[in-house]
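Q: when you get a sec, could you give me coordinates for this:
(chains A, B, C, D, E, F and G)
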Amino acid sequence: MSKVNITPLADRVLVEPAAAEEKTASGIIIPDTAKEKPQRGVIVAAGNGKKDEPLTVKTGDTVLYGKYAGTEITVEGKDYLIMKESDIFAIINS
Amino acid sequence: MSKVNITPLADRVLVEPAAAEEKTASGIIIPDTAKEKPQRGVIVAAGNGKKDEPLTVKTGDTVLYGKYAGTEITVEGKDYLIMKESDIFAIINS
Amino acid sequence: MSKVNITPLADRVLVEPAAAEEKTASGIIIPDTAKEKPQRGVIVAAGNGKKDEPLTVKTGDTVLYGKYAGTEITVEGKDYLIMKESDIFAIINS
Amino acid sequence: MSKVNITPLADRVLVEPAAAEEKTASGIIIPDTAKEKPQRGVIVAAGNGKKDEPLTVKTGDTVLYGKYAGTEITVEGKDYLIMKESDIFAIINS
Amino acid sequence: MSKVNITPLADRVLVEPAAAEEKTASGIIIPDTAKEKPQRGVIVAAGNGKKDEPLTVKTGDTVLYGKYAGTEITVEGKDYLIMKESDIFAIINS
Amino acid sequence: MSKVNITPLADRVLVEPAAAEEKTASGIIIPDTAKEKPQRGVIVAAGNGKKDEPLTVKTGDTVLYGKYAGTEITVEGKDYLIMKESDIFAIINS
Amino acid sequence: MSKVNITPLADRVLVEPAAAEEKTASGIIIPDTAKEKPQRGVIVAAGNGKKDEPLTVKTGDTVLYGKYAGTEITVEGKDYLIMKESDIFAIINS
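A: Down below sits the predicted model:
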């Protein structure tokens, strides 16, 4: 997990998306153009929630989210997604 | 019912859809392209509900939902639907 | 009135639509393609209402609803409509 | 005013529309196709209102409403409009 | 100001629009097709407001409103506009 | 600042727009068709605000607003804009 | 950071956008037409927040925002963006 020096506002979280699969289950290398956008990532920074509604997720959680969730932003040369907690479907328990 | 290691957020539930019918009532085998998408499934994981609104459904419930309810996600190689409790029409009593 | 083993959620009700008219008022048999979709039915199962808002209708009530109200679902081989109480216009007093 | 055996739900009322004008002010008979849809009618049944908001109109009131207000329903062979109280503009005092 | 025997519901008011200008400022007669729809009128009847929100305007007030505010209705052969108080921009002080 | 005899309702204010620039910074005269619609004006009348929400701006304030904010109205031969306080971006401190 | 004499209303802030990058990481000069609109800026003025909801950001904060956030306004010859706090994604900690 990366460390970033930004603080999301309110109910927003900064997510580092998992790397797209490089190979199929049977070992075939997937070309870049066929790689699926991952829907899984790790929260690297989380806001303080809205008034009377603290966030449920926290930094370090691995989460599932929708295909079109969030906005891409680049922080210190790395790509992240910034999204609202309500765009997150579920937490993957480790 | 499968067991999964994910926790849906807020008012979301993870549903394992029932298998599509393989034969018609009169025993004719239905080809894959004609199989109807099932609208019935079992809840395999449920969120904690929203503030002051705990969920009514719980893990293990067989539920009915709309044709276009939820988002398909793949967890450990199996297909599930993740949806909000408000997308569920009814519980089937066993 | 049929008996079903399902429990609608929240403010939803399960309605068994009245049979479409088979004959006109003057006795002419109406072909299937000209039959009007009935807007009247009997409630066979009702949810528990929303928080602080119990339902007004109850199982056994004959109700009027809009032409496009509800979603068709099949339970044990019979067709029903599942709709929200707010889709119901009125109760017909017997 | 007709008498009906139905009870509208919540903030709905059942309105018997006034008959369309048969003649112009100068006595010319208006053909059916040119008759204007009346925007005036008498309330023949009223719901109990919403939680903490009883209805202002009551059975017997003559009311004005918008051209496209309400849904047509047929009760015992007569045509009525069922609409929400908020679709009613004003009460005509007799 | 006309007197009417109708009572608008809730936050609605009945407005008698000012007559359209007959002449330009320099005295030229304006043909009917070029007359501008007035945006000014006098309130001839007002509702009782919504729960906990009495109306600010009252019968007799001259008011300004938007070009497309309200619905035209004819009461006893005269044309009026019925609109919500929120469609009124301002009161003209006499 | 003009003086007008109208009282805006609720959270509305009457704004006298600043005159459009007549010359560019370098002194070239701008033809009428190229003049930019000003986004700055002076409040000449303000409403009393909504229930529990008095207005922040007051008569005499110079304000900035969006290009398409408000509705043009003519009062005593002069053009004004009437808009909601929420259409105002900022107050220019003198 | 510039100093301005304007006060944004309610939950609005005035942002001075960062200058667009002049060179690529490898030192190539980027022509004006290829310059990317920055999504980062410094808050030069902030409103007082809404009733019971003071702002989280304050003058001097460096913030990240969406590509289409805010409205461009010119104050004393300089270009700024005025936006609502909810359009801001995150604060960059210095």
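Q: just give me the neighbour total for A:G27.
A: By the criterion of other C-beta atoms under 10 Å in any protein chain shown, A:G27 has 6 neighbours. From N, CA and C alone the C-beta is placed, and that goes for glycine too.
Q: least confident secondary structure element in chain A?
A: strand A:71-75 (a mean of 86; mean pLDDT, DSSP states H and E).
Q: with only the CA atoms kept, save it in PDB.
A: This file holds the C-alpha atoms of strand A:71-75, laid out as PDB (Å, rounded to 0.1, in the frame of the first residue of the first chain):
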ATOM      1  CA  THR A  71     -12.700   9.900 -10.600                       C
ATOM      2  CA  GLU A  72      -9.100   9.200 -11.600                       C
ATOM      3  CA  ILE A  73      -6.500  11.500 -10.100                       C
ATOM      4  CA  THR A  74      -2.700  11.400 -10.300                       C
ATOM      5  CA  VAL A  75      -0.900  12.000  -7.000                       C
END
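Q: within range of chain B, give me the residues from chain A.
A: Proximity of chain A to chain B, by C-beta under 8 Å from any C-beta of the partner chain, involves residues A:39, A:52-53, A:56-57, A:64, A:66, A:85-86, A:88-93.
Q: can you select the buried ones among those residues for me in ChimeraX?
A: Command for ChimeraX that selects the buried part of the residues of chain A next to chain B, burial taken from 16 or more other C-beta atoms under 10 Å in any protein chain shown:
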select /A:39,56,57,64,85,88,89,90,91,92
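Q: what backbone torsions are found at A:I28?
A: In terms of degrees, to the nearest 10, the main-chain angles of A:I28 are phi -70, psi 130.
Q: contacting residues for it?
A: Shown in contact with A:I28 (C-beta atoms under 8 Å, 6 or more residues apart in numbering or on different chains): no residues.
Q: now do it against A:E22, distance only.
A: Distance from A:I28 to A:E22, counting by C-beta to C-beta, to the nearest Å: 10 Å.
Q: also A:E53?
A: 39 Å.
Q: cool, and A:D79?
A: With C-beta to C-beta as the criterion, A:D79 and A:E22 are 17 Å apart.
Q: please apply the same query to A:T59.
A: Taking C-beta to C-beta, one finds A:T59 at 27 Å from A:E22.
Q: which residues touch the closest residue to chain D within chain A?
A: The nearest approach of chain A to chain D comes at A:D52, 24.1 Å away (C-beta to the nearest C-beta). By C-beta under 8 Å, 6+ apart, the residues touching A:D52 are B:K51.
Q: without its sequence neighbours, what residue ends up closest to the one residue sitting closest to the centre of chain A?
A: Centrality entry for chain A: nearest residue to the mean C-alpha point is A:V15, 2.9 Å, by C-alpha atoms, centre = their mean. Closest residue to A:V15 apart from its sequence neighbours, by C-beta to C-beta, 6 or more residues apart in numbering or on different chains: A:G41 at 4.1 Å.
Q: quick one: name whatever helix or strand follows the helix or strand where the one you found lies.
A: Using DSSP states H and E, the element containing A:G41 is strand A:40-46. For strand A:40-46, the following helix or strand on the C-terminal side (DSSP H and E) is strand A:62-65.
Q: pLDDT weak spots in chain A?
A: A:1-2, A:21, A:34-36 (pLDDT under 70).
Q: hmm, A:R40 is touching A:E16, no?
A: No - contact criterion C-beta atoms under 8 Å: A:R40 and A:E16 do not qualify, at 10.4 Å.
Q: related to what we said a few turns ago, tilt between the strand holding A:G41 and strand B:71-75?
A: 100 degrees (axes from the mean of the first three to the mean of the last three C-alpha atoms, to 10 degrees).
Q: direction included, what does strand A:40-46 pair up with?
A: Partners of strand A:40-46 in the sheet, by DSSP bridges, are strand A:12-17 (antiparallel), strand A:62-65 (antiparallel).
Q: check contacts around A:G66.
A: Counting by C-beta under 8 Å, 6+ apart, A:G66 has contacts A:39, A:87, A:89, B:71.
Q: once you drop chain neighbours, what's closest to the last one?
A: Nearest residue to B:T71 in three dimensions, chain neighbours excluded: B:I82, at 5.5 Å (C-beta to C-beta, 6+ apart).
Q: so that neighbour is in which element?
A: strand B:78-84.
Q: now that strand: buried residues?
A: For strand B:78-84, by 16+ other C-beta under 10 Å, it's B:80-84.
Q: out of those, flag the one nearest to E:A10.
A: B:K84 (33.7 Å; C-beta to C-beta).
Q: re the thing from before, the more surrounded of A:T59 and A:E22?
A: Legend: neighbour count by other C-beta under 10 Å for A:T59 and A:E22, higher for A:T59 (14 against 9).
Q: so how far is G:A90 from the more buried one?
A: 13 Å.
Q: overlap in contacts of these two?
A: A:A45.
Q: and what about A:A10, helix, strand or coil?
A: With DSSP: H, G, I helix; E, B strand; the rest coil as the basis, A:A10 sits in coil.
Q: isn't it up against A:P54?
A: No - look at A:A10 against A:P54 with C-beta under 8 Å: they stay out of range, at 11.0 Å.
Q: more neighbours, these two?
A: Neighbour count, other C-beta under 10 Å: between A:A10 and A:P54, A:A10 has more, with 19 against 13.
Q: now do the more buried one against G:R40, distance only.
A: A:A10 is 18 Å from G:R40, by C-beta to C-beta.
Q: ok, now A:V75?
A: 10 Å.
Q: give me the common contacts of the two.
A: Joint contacts of A:V75 and G:R40 (C-beta under 8 Å, 6+ apart) are G:L64.
Q: the more surrounded of these two?
A: When A:V75 and G:R40 are compared for neighbours, A:V75 comes out ahead with 20 against 16, by other C-beta under 10 Å.
Q: contact partners for the nearest residue to the more buried one once chain neighbours are set aside?
A: Counting by C-beta to C-beta, 6+ apart, A:V75 lies nearest to A:V4, which is 5.4 Å off, once chain neighbours are set aside. Residues in contact with A:V4 (C-beta under 8 Å, 6+ apart) are A:14, A:44-45, A:75-76, A:80.
Q: of those, closest to chain E?
A: Once C-beta to the nearest C-beta is applied, the member of these that ends up nearest chain E is A:L14, at 40.8 Å.
Q: can you count the residues close to the closest residue to that closest one other than its chain neighbours?
A: In this structure, A:L14 finds its nearest non-sequential neighbour in A:A45, 4.1 Å apart by C-beta to C-beta, 6+ apart. Neighbourhood size, A:A45 [other C-beta under 10 Å]: 22.
Q: about what we covered before: list residues touching both of A:A10 and A:P54?
A: By C-beta under 8 Å, 6+ apart, the residues touching both A:A10 and A:P54 are A:N48.
Q: still on that earlier bit, so what's the residue nearest to A:L14 up against?
A: A:4, A:6-8, A:13-14, A:59, G:90.
Q: show me the two of the residues you listed that sit farthest apart.
A: A:T59 and G:A90 (13.5 Å).
Q: now A:L64: how far from G:D61?
A: On the measure of C-beta to C-beta, A:L64 and G:D61 end up 32 Å apart.
Q: can you give me the buried ones in stretch A:15-32?
A: Those would be A:15-17, for stretch A:15-32 by 16+ other C-beta under 10 Å.
Q: just send those residues back as CSV, with distance to E:D32 too.
A: Compiled in CSV, the buried residues of stretch A:15-32 are given as follows (distance: C-beta to C-beta, whole Å):
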residue, distance to E:D32
A:V15, 65
A:E16, 69
A:P17, 66
